[in-house]
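# could you look at this predicted model? Sequence included:
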Protein chains: 4
Amino acid sequence: MSANANSPAAPSAGRPRSEEAHKAILDATLELLVEVGFSGLTVEGVAQRAGVGKATIYRRWPSKLPLVVEAFSQLPALEEIDSGDLVEDLIAMLRSYLQIVNQTPLATVLPSLAGERAHNPELSKLFDPVMKERRQPLIRALERAIARGELAPGLDVDLAADLIVGPIAVKVMNGIRVSPRSVGAIVELALRGIRGTDGRTDGARAPGPT
Amino acid sequence: MSANANSPAAPSAGRPRSEEAHKAILDATLELLVEVGFSGLTVEGVAQRAGVGKATIYRRWPSKLPLVVEAFSQLPALEEIDSGDLVEDLIAMLRSYLQIVNQTPLATVLPSLAGERAHNPELSKLFDPVMKERRQPLIRALERAIARGELAPGLDVDLAADLIVGPIAVKVMNGIRVSPRSVGAIVELALRGIRGTDGRTDGARAPGPT
Amino acid sequence: MSANANSPAAPSAGRPRSEEAHKAILDATLELLVEVGFSGLTVEGVAQRAGVGKATIYRRWPSKLPLVVEAFSQLPALEEIDSGDLVEDLIAMLRSYLQIVNQTPLATVLPSLAGERAHNPELSKLFDPVMKERRQPLIRALERAIARGELAPGLDVDLAADLIVGPIAVKVMNGIRVSPRSVGAIVELALRGIRGTDGRTDGARAPGPT
Amino acid sequence: MSANANSPAAPSAGRPRSEEAHKAILDATLELLVEVGFSGLTVEGVAQRAGVGKATIYRRWPSKLPLVVEAFSQLPALEEIDSGDLVEDLIAMLRSYLQIVNQTPLATVLPSLAGERAHNPELSKLFDPVMKERRQPLIRALERAIARGELAPGLDVDLAADLIVGPIAVKVMNGIRVSPRSVGAIVELALRGIRGTDGRTDGARAPGPT
DNA sequence: TCGTAAGCGAGACGGTACGTCGAGTCTTGCT
DNA sequence: AGCAAGACTCGACGTACCGTCTCGCTTACGA
């Protein structure tokens, strides 16, 4: 087939799928996630709220999980910020992110999906890339810092990201509201650990593999 | 005193509840959590597996959530270890804990329950104390270190605990298996952040509380 | 065995069964039959109403059917009346009986039990003798009339009884209230049929048996 | 008129209800009535036998009673017979009817429904018209006889019908098989009562209303 | 007089059916 | 074709009773 991947363009017969319906469904999904939570969410409810037939939903998503994943992936992620200074970047990114977390179903949906992952390989396949993508701004900020010499070249950026994000994630998961103002202390602590002693980057002794 | 404060309750009429059934239910619940996950768990399935009537379950737990919480809280938590050295304590505790995590439904159940918390205040009431209790060994290890002078007296132990546990939790939630051998690096990094700049215990310059 | 079949009297050890409980159970059964009907009657409900444990009921009756049969058989039946005149006997008996029917759950219970009979041989064994006994006053009144020469000697009394009782039974079953005043007409018609053509007792031309 | 009065209703959106399922449900209901009786009949069993979901049953009938009524009302009733002679009509009708009674769950179901009537007004509303309709052939035969002069014009046809049907009904209810050959005697007796003395129609002195 | 066997109210036990709800599929007529 | 609507089969929900089984107790008999 000559068809380009970007424009499958299936000129297709019949009536084209309604973009309107698509959006209405995703919106309704997010609304309901906020209102009734993940386990209380029903496809029937989504269809009703979106003013759409159930079949229209199943035509697009094979089950409610991918639907929720797609709705979820519409939520704002970490905002890419590049001020030239790592600490500033991190603090700004996490502050704006926390505001989002505190206002959207993110904190609710994420653990549910994570819990489902283990027993649902298909979900895992959809969900993992989304999660990976979401932390990229953080990863890139760390990589810029390495490039600038602020951090040691051999640094395990993934571990570093976890060290920064971990405390916040744990608190959020446990239902402890995290004030945006407290990110300063967290970032400071995490960076101190990452940087190694007294600010000298000491990649050689950086933590080993996963 | 003839009436003991601990069991003032009615010695109660009627047949007493069966301890045997109670245990069978919790065991079946854990087994099924491993096999089908939280959302795939049905009360009907638990009853069948436990060889018990559904009513016997509902007589004890109002819904599947508190049931899962109780089953969950039976899982081993952090083992209390006191070697006299903080690093050794932490590494030993986390290593043994990770082995448990990798062998039980812990990693599956926890996020599901956490996700439900937000929309279910009753669950929250049951679940939060359980979670709090579970990290106590970690908290106590930190407090012992403070008492020994290994850590600064003004340290925010909760934040410190999150810094240690966070990276592991994040990885587990994302389905990344964490090898027990990698805890050394994590603890090292976290402690470096907690201790202050150069590994010297220097509470005076330790970060302030949240 | 010396033991008499009628009073095996099991001298019995242990506490004797409570007559009080027995009566309370039967009373509660009748009350509930009136209130919720046969199919709505539950043993649990009877136990509660009677202030009795379920086991106390099952110790006496193997299931709710025999219980209902016994409660039912406590209801007043046809009153034995012997005025010396057949018509008078029948009218008086049926009138008093209809008053009972209109005031007790008889009209409700009887069809339910009858319906159960077909698929429940045990019930049948208990119920049939009760039903047979209940029509005896009617049968005896007819037999007295034969003895007096009022009716033909060869008369099929069972059929005759059905002819008299039938119309009333059918109306009651269909929920049509039968006024005691209308029994005169029914008896008159039935007897006219039974007696033969012209009201003269003429057994010779009476219809043969089934 | 474009909109027919009989089906003015919405041609309705959505998938229409399946006639196939409807029939399968009614058939299964009758089968099970024969096998396990009315009180042994469960909606679950009907659904299974009919190869249908329970919801499909509850979508059509609010409970098992109306379902049974509808199934019941499908059973053959009295066959309309008009030979020009009352006795012949009655005998033929009752004979054919008895054959049906002896071969279908009629004798079982009817008393159960009748017993339920008293405590269930909704059932009563459904059931009474059905019962009324079922005796119409008998009523009409009597009315034809009146028109022909065979019976007195003032005759209470309802009472007459009860007089004919009553004895049979009572026997059937009591589990006594009624042979089709015995209807001759019953009809003869009943008619003799109805006709009044020696065959002369004597409407003037016919029994009064209920 | 005292033990012991049975009865007692209470209520938990393993089950089965209830009537409801949602999942995911299928079938209408309309666009 | 896609669409909204809504019926379809299936299976879990949480409840109510079934008939059985402990409990701790009361009651009356017979040793």
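The structure has been received and is ready for your questions. Since the structure is predicted, the reported quantities are computational estimates derived from the model, not experimental observations. Residues are numbered from 1 along each chain as shown, chains lettered A, B, ... in the order given.
# what sits against the most centrally placed residue in chain A?
Closest residue to the average C-alpha location of chain A: A:Arg134 at 3.9 Å, with CA atoms, centre = their mean. Neighbouring residues of A:Arg134 by CB atoms under 8 Å, 6 or more residues apart in numbering or on different chains: A:Ala77, A:Leu78. All C-beta spots, glycine's among them, are computed from the backbone N, C-alpha and C.
# and the longest helix belonging to chain A, what does it pack onto?
Longest helix in chain A by number of residues, with DSSP state H as the criterion: helix A:19-40. Counting contacts by 3 or more CB pairs under 8 Å, 6 or more residues apart in numbering or on different chains; DSSP states H and E, helix A:19-40 is packed against helix A:43-50, helix A:54-60, helix A:64-72, helix A:106-117, helix B:106-117.
# tabulate the ones you listed (CSV), appending mean neighbour count and mean pLDDT.
Output for the helices and strands packed on helix A:19-40, formatted as CSV (neighbours: other CB atoms under 10 Å in any protein chain shown; pLDDT from 0 to 100):
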stretch, mean neighbour count, mean pLDDT
helix A:43-50, 17, 97
helix A:54-60, 14, 97
helix A:64-72, 20, 93
helix A:106-117, 24, 87
helix B:106-117, 24, 87
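# closest to C:Ala118 out of those?
helix A:43-50 (43.9 Å; CB to CB).
# near chain B at all, the closest one?
No. On the criterion CB under 8 Å from any CB of the partner chain, helix A:43-50 is out of touch with chain B, staying 13.9 Å away.
# and that helix, how far from the chain's centre?
Relative to the chain's own centre, helix A:43-50 is displaced by 25 Å; criterion: CA atoms, centre = their mean, to the nearest Å.
# and that helix, what does it pack against?
With contacts defined as 3+ CB pairs under 8 Å, 6+ apart, the packing partners of helix A:43-50 are helix A:19-40, helix A:54-60, helix A:64-72.
# identify the residues contacting the shortest one?
Contact partners of helix A:54-60, identified using CB under 8 Å, 6+ apart, comprise A:Arg17, A:Ser18, A:Ala21, A:His22, A:Ile25, A:Val43, A:Glu44, A:Val46, A:Ala47, A:Ala50, A:Leu67.
# which of those are the two that sit furthest away from each other?
Taking CB to CB as the measure, the contacts of helix A:54-60 span a maximum distance of 20.6 Å, between A:Arg17 and A:Glu44.
# close to DNA strand F: what parts of chain A are there?
Selection of chain A residues close to DNA strand F by CB under 7 Å from any atom of the strand yields A:12-18, A:21, A:51-56, A:59.
# pLDDT below threshold where in chain A?
Scanning chain A for pLDDT under 70 picks out A:1-13, A:197-210.
# change it to 90
Scanning chain A for pLDDT under 90 picks out A:1-19, A:34, A:37, A:100-123, A:172-177, A:195-210.
# how many other residues sit next to the residue in chain A that DNA strand F sits nearest to?
Closest approach between chain A and DNA strand F, counting by CB to the nearest atom of the strand: A:Gly14, at 1.8 Å. Look at A:Gly14: counted by other CB atoms under 10 Å in any protein chain shown, it has 5 neighbours.
# residues from chain A in reach of DNA strand E?
Within chain A, the positions near DNA strand E by CB under 7 Å from any atom of the strand are A:15, A:41-45, A:53-55, A:58, A:62-64.
# A:Glu133 sits in which helix or strand?
For A:Glu133, the element it lies in under DSSP states H and E is helix A:121-134.
# OK, contacts around A:Asp89?
So, once contact is read as CB under 8 Å, 6+ apart, A:Asp89 ends up touching A:Ile81, A:Asp82, A:Ser83, A:Ala141, A:Arg144, A:Ala145.
# mind checking which of those residues are buried?
Buried subset of those (neighbour count, 16 or more other CB atoms under 10 Å in any protein chain shown): A:Ile81, A:Ala141, A:Arg144, A:Ala145.
# from those residues, which is closest to chain B?
For the buried ones among the contacts of A:Asp89, the closest approach to chain B (CB to the nearest CB) belongs to A:Ala145, at 15.9 Å.
# show me the contacts for that closest one.
So A:Ala145 contacts A:Leu86, A:Asp89, A:Leu151 (CB under 8 Å, 6+ apart).
# and A:Asn120, what are its phi and psi?
phi -140, psi 90 (degrees, to the nearest 10).
# and it, how many neighbours?
Using other CB under 10 Å, A:Asn120 has 18 neighbouring residues.
# could I get the helices and strands packed on helix A:19-40 as JSON lines with distance to C:Arg95?
Putting the helices and strands packed on helix A:19-40 into JSON lines (distance: least, CB to CB, whole Å) gives the following:
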{"stretch": "helix A:43-50", "distance to C:Arg95": "62"}
{"stretch": "helix A:54-60", "distance to C:Arg95": "65"}
{"stretch": "helix A:64-72", "distance to C:Arg95": "70"}
{"stretch": "helix A:106-117", "distance to C:Arg95": "74"}
{"stretch": "helix B:106-117", "distance to C:Arg95": "70"}
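# those: which one's closest to D:Pro121?
Across the helices and strands packed on helix A:19-40, closest to D:Pro121 is helix A:43-50 (CB to CB), at 34.1 Å.
# mind exporting the C-alpha coordinates of the closest one to CSV?
Extracted in CSV, the C-alpha atoms of helix A:43-50 (Å, rounded to 0.1, in the frame of the first residue of the first chain):
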residue,chain,number,x,y,z
VAL,A,43,-19.2,3.2,29.5
GLU,A,44,-22.9,3.5,29.7
GLY,A,45,-22.5,6.7,31.8
VAL,A,46,-20.0,8.1,29.4
ALA,A,47,-22.3,7.4,26.4
GLN,A,48,-25.2,9.1,28.1
ARG,A,49,-23.1,12.1,29.3
ALA,A,50,-21.6,12.5,25.8
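# give me the contacts around that helix.
In contact with helix A:43-50 (CB under 8 Å, 6+ apart) are residues A:21, A:24-25, A:27-29, A:31-32, A:36, A:52-54, A:56-58, A:64, A:67.
# now do 7 Å
Helix A:43-50 is contacted by residues A:Ala24, A:Ile25, A:Ala28, A:Thr29, A:Glu31, A:Leu32, A:Gly53, A:Lys54, A:Ile57, A:Lys64 when judged by CB atoms under 7 Å, 6 or more residues apart in numbering or on different chains.
# which of the residues you listed count as buried?
Buried members of these, scored by 16+ other CB under 10 Å, are A:Ala24, A:Ile25, A:Ala28, A:Thr29, A:Glu31, A:Leu32, A:Ile57, A:Lys64.
# quick one, what contacts the fourth one?
Contacts for A:Thr29 (CB under 7 Å, 6+ apart) come out as A:Val46, A:Leu67, A:Val68, A:Ala71.
# could you rerun that using 10 Å?
A:41, A:43, A:45-46, A:49-50, A:57, A:61, A:64, A:67-68, A:70-72, A:74, A:105, A:109 (CB atoms under 10 Å, 6 or more residues apart in numbering or on different chains).
# measure A:Thr42 to chain D for me?
A:Thr42 sits at a distance of 16 Å from chain D (criterion: CB to the nearest CB, to the nearest Å).
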